[in-house]
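Peer 1: Generate coordinates for the sequence data below:
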Amino acid sequence: MYELNPVSKQDSDAKYHVLLLVAHEPQRDPRLNWIASGGRENFIIHQLGISRVANDKPSASGSDDKGWVWSYPRIETSRNLGVIRENIFSRNNSAALLELSSLMAILSLDDGELLAILGCENLGRMVAFRWYVKYLLQMTYSLVDHAEELSGICAVIATDLDTLLAGMVLKERWGVPLIYDAHEFWPAADVEQEAFEHDFWVTLEGRLVRHVDYAQTVSPGLADHMARLYGVPFESVPNAEPLGSRVAEDQEKTRREHTGTECRFLFQGGFANARGIDLLISAWPHTHPSAILVLRGPDNEYKKKMVDLAISLGLYAIRVLFLEAIDETELVTAAAEFDVGLVPYTPTGLNYSNCCPNKISQYMAAGLPILASRTSYVSQIISESGAGVVVDFADRFQLVREIDRLALDPALRMAYAERSAAFFLERFHWENVSKIFYTRLAELIKSANISSLGKLSRHGKPNVFPEIVVEEPPVIEELPVIEEPPVPARSRFSKTSFRFARWLWILVPVALRARIRAELQLWIR
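Peer 2: Reported below is the predicted structural model:
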């Protein structure tokens with residue numbers, strides 16, 4: 001149990017405690033630390049994350065005046081009955097509880113009902129869809145369960161759709177502003193999904209963002225798309241390292257004066273499909289022998305596939321090197337040891353087409369020239385800064401040509417590097433790109449007229465969504481066992497039938513739908 005010391009100052013100098021919600025360990029994403037540490041002196045931003053590691057132990061670090069970072073395992077048990085009870089006896093019009101109840105109702109339906117309602121014809125994707133719904137409920141329960149130990153919070157920041165529902169619950173309970181920081185367009189994140197899944201998540205996010213007081217995302221393209229789609233304003237606050245990340249001039253000078261015959265191209269980040277890593281490795285046998293490709297990131301199955309690809313081409317550990325992942329805080333300093341930074345993300349889907357990878361500002365903070373694949377916002381940044389080259393990585397001829405040009409021309413690399421470092425210092429750093437975020441945060445807190453400024457405490461859990469144990473009725477062993485008649489196989493609806501059934505169901509009023517379900521269940525029994 002933590003007891004955070006109150007800050008005894010006048011209101012003009014009062015501290016504003018803000019809670020940032022995240023659906024993983026906070027340390028995994030440097031943007032969270034930028035938000036927490038880059039604000040005004042009177043903002044204390046605490047980070048509450050739910051670990052992705054199974055059975056992970058709770059952890060806490062930080063201080064009263066700098067902000068806490070909490071990480072907890074996800075709650076796997078069901079809180080459904082507790083939520084329903086809250087909904088029934090709530091005297092307020094709680095949009096968050098209604099959304100929770102709707103998601104719980106989805107899990108209670110059988111596949112046939114969901115097939116008709118959602119217009120799905122792929123039972124295999126129904127398993128994945130149910131998993132996502134259950135995950136979203138568990139994430140909401142987990143975040144709210146731990147957040148409810150706090151008092152004195154002046155605003156809540158929800159990061160991505162999987163924390164937004166928890167943010168809504170807390171906004172309603174505390175009466176504070178809710179900020180939405182979308183790191184991607186969540187409904188398009190799963191490239192394997194069916195159309196019905198995309199439509200469902202778009203509809204859900206569209207309802208939830210109406211309750212947000214300020215929304216932002218990481219690139220102008222995503223902001224424009226989400227604003228048009230949802231009818232809610234979205235600002236663009238890109239991923240950019242703080243000014244303090246800039247490498248020392250002597251370290252940068254040492255790299256620039258590197259006169260070796262090799263030119264070292266660096267990719268550092270996660271290994272995943274559509275990130276263009278396979279295109280790089282496949283093109284590398286055709287590049288000049290002085291070009292060395294270095295790939296640094298966490299181990300996973302896709303990284304193993306890339307290692308196998310490099311081995312098959314005879315380049316592994318010779319001209320294509322794989323390095324172990326390092327801590328996020330070391331990425332800029334480590335990048336400064338190389339000659340060119342790579343941003344190979346392909347324009348696959350909405351998120352990649354409009355991405356703003358952390359590595360752009362990290363390379364700039366390290367003073368590196370950049371070779372990037374042609375995606376919308378990355379191309380814009382490279383064009384404005386003059387920090388490097390943009391090329392279609394799917395065009396092997398063009399890609400190889402630009403790799404060789406950079407590898408064989410140190411003067412060209414130096415010119416790009418100087419413009420890269422200058423652009424970072426002048427414009428593309430967190431203190432500059434985030435101004436609108438902190439301005440809106442301050443305005444929202446002021447307009448909310450929060451009275452508990454400077455006072456934050458952490459106390460026992462109030463058991464917000466309590467589990468209710470329902471005892472099973474006793475089994476009477478004397479009754480004979482009667483075999484159930486075989487259930488006839490469900491006939492496969494045609495595509496037209498599914499759409500017609502879904503259309504009819506949507507026309508039925510919500511109250512009548514619940515009544516029909518209840519009658520059907522009684523009739524089936």
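
Peer 1: Show the contacting residues for residue 133.
Peer 2: By Cβ atoms under 8 Å, 6 or more residues apart in numbering, residue 133 lies in contact with 103, 106, 107. Every residue, glycine included, has its C-beta placed from N, CA and C.

Peer 1: Now do it against residue 47, distance only.
Peer 2: 26 Å (Cβ to Cβ, to the nearest Å).

Peer 1: Repeat that for residue 112.
Peer 2: Counting by Cβ to Cβ - residue 112 and residue 47 are separated by 43 Å.

Peer 1: same thing with residue 319?
Peer 2: Taking Cβ to Cβ, one finds residue 319 at 41 Å from residue 47.

Peer 1: Of those two, which one has the most company?
Peer 2: Shown here are residue 319 and residue 47; by other Cβ atoms under 10 Å, residue 47 has more neighbours (26 against 20).

Peer 1: Would you confirm that residue 83 contacts residue 99?
Peer 2: No: taking contacts as Cβ atoms under 8 Å, residue 83 lies outside contact range of residue 99: 10.1 Å.

Peer 1: When those two are compared, which one has more neighbours?
Peer 2: With neighbours defined as other Cβ under 10 Å, residue 83 and residue 99 compare such that residue 83 has more, 23 against 20.

Peer 1: those helices in the stretch 51-200 of the chain, which residues are they?
Peer 2: With DSSP state H, counting those that start in this stretch as the criterion, the stretch 51-200 of the chain has helices at 80-89, 95-108, 111-118, 123-147, 161-174, 195-208.

Peer 1: most neighbours per residue, which of those helices?
Peer 2: Mean neighbour count (mean count of other Cβ atoms under 10 Å) peaks for helix 161-174 among those, with a mean of 24.

Peer 1: Who does residue 266 form a beta bridge with?
Peer 2: residue 294, residue 341 (DSSP bridges).

Peer 1: Please list all residues in contact with it.
Peer 2: Residue 266 touches 294, 296, 335, 338, 339, 340, 341, 342, 368, counting by Cβ under 8 Å, 6+ apart.

Peer 1: how near is it to residue 347?
Peer 2: Distance from residue 266 to residue 347, by Cβ to Cβ: 22 Å.

Peer 1: Next: residue 441.
Peer 2: 33 Å.

Peer 1: can you check residue 409 too?
Peer 2: Using Cβ to Cβ, one gets 27 Å for the distance from residue 409 to residue 347.

Peer 1: who's more crowded, those two?
Peer 2: Higher neighbour count among residue 409 and residue 347: residue 347, with 20 against 13, using other Cβ under 10 Å.

Peer 1: Now do the SS call for the more buried one.
Peer 2: coil (DSSP: H, G, I helix; E, B strand; the rest coil).

Peer 1: Can you tell me the closest non-neighbouring residue to it?
Peer 2: With Cβ to Cβ, 6 or more residues apart in numbering as the criterion, residue 347 has its nearest non-adjacent residue at 4.3 Å, and that residue is residue 353.

Peer 1: tally of neighbours for the one you found?
Peer 2: 20.

Peer 1: Give the residue spans of the stretch 201-350 of the chain that score low on pLDDT.
Peer 2: The stretch 201-350 of the chain contains residues with pLDDT under 70 at 249-260.

Peer 1: which one's the longest strand in this protein?
Peer 2: Ordering each strand of the chain by length in residues (DSSP state E) puts strand 43-51 first.

Peer 1: How far off centre is that one?
Peer 2: 15 Å (Cα atoms, centre = their mean, to the nearest Å).

Peer 1: any idea of the mean pLDDT in it?
Peer 2: Strand 43-51 carries an average pLDDT of 95.

Peer 1: what packs against it?
Peer 2: Judged by 3 or more Cβ pairs under 8 Å, 6 or more residues apart in numbering; DSSP states H and E, the packing partners of strand 43-51 are strand 16-22, helix 30-37, strand 67-73, helix 123-147, helix 435-448.

Peer 1: Restricting to C-alpha, output it in CSV.
Peer 2: The C-alpha coordinates for strand 43-51 follow below in CSV (Å, rounded to 0.1, in the frame of the first residue of the first chain):
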residue,chain,number,x,y,z
PHE,A,43,1.6,17.8,-13.9
ILE,A,44,2.4,14.5,-12.2
ILE,A,45,1.5,11.7,-14.6
HIS,A,46,1.3,8.2,-13.2
GLN,A,47,1.4,5.2,-15.5
LEU,A,48,-0.8,2.1,-14.8
GLY,A,49,-0.1,-0.9,-17.0
ILE,A,50,-1.3,-4.5,-17.3
SER,A,51,1.5,-6.9,-18.0
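
Peer 1: and it, which strands flank it?
Peer 2: Strand 43-51 is paired, per DSSP bridges, with strand 16-22 (parallel), strand 67-73 (parallel).

Peer 1: mind checking pLDDT for the nearest residue to residue 52 once chain neighbours are set aside?
Peer 2: Closest residue to residue 52 apart from its sequence neighbours, by Cβ to Cβ, 6+ apart: residue 24 at 5.0 Å. On pLDDT, residue 24 comes in at 94.

Peer 1: average model confidence for stretch 429-442?
Peer 2: In this model, stretch 429-442 has an average pLDDT of 96.

Peer 1: ugh, typo on my part, it should be stretch 360-379
Peer 2: 97.

Peer 1: list the buried ones in that stretch?
Peer 2: 360-378 (16 or more other Cβ atoms under 10 Å).

Peer 1: same thing with stretch 399-412?
Peer 2: Quick answer for stretch 399-412 (16+ other Cβ under 10 Å): 399, 400, 402, 403, 404, 406, 407.

Peer 1: That stretch: how far from the chain's middle?
Peer 2: For stretch 399-412, the distance to the chain centre is 35 Å (Cα atoms, centre = their mean).

Peer 1: Stretch 194-208 now?
Peer 2: 16 Å.

Peer 1: residues in contact with that stretch?
Peer 2: Stretch 194-208 is touched from outside by 95, 99, 118-120, 122, 125, 128-129, 132, 161, 164-165, 168, 186-188, 190, 229-230, with contacts defined as Cβ under 8 Å, 6+ apart.

Peer 1: same question, stretch 55-63
Peer 2: 2, 25, 46, 68, 69, 70, 71, 72, 73.

Peer 1: can you check stretch 45-54 too?
Peer 2: 17-26, 28, 32-33, 35-37, 39, 62, 67-74, 139, 142-143, 146-147, 150, 157, 456.

Peer 1: Tell me the buried residues within these.
Peer 2: For these, buried by 16+ other Cβ under 10 Å: 17-26, 32-33, 35-36, 39, 67-72, 74, 139, 142-143, 146-147, 150, 157, 456.

Peer 1: before we move on, back to that, please tabulate the contacts of residue 133 in JSON lines, including the columns pLDDT.
Peer 2: Shown next, in JSON lines, are the contacts of residue 133 (pLDDT from 0 to 100):
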{"residue": "103", "pLDDT": "92"}
{"residue": "106", "pLDDT": "91"}
{"residue": "107", "pLDDT": "89"}
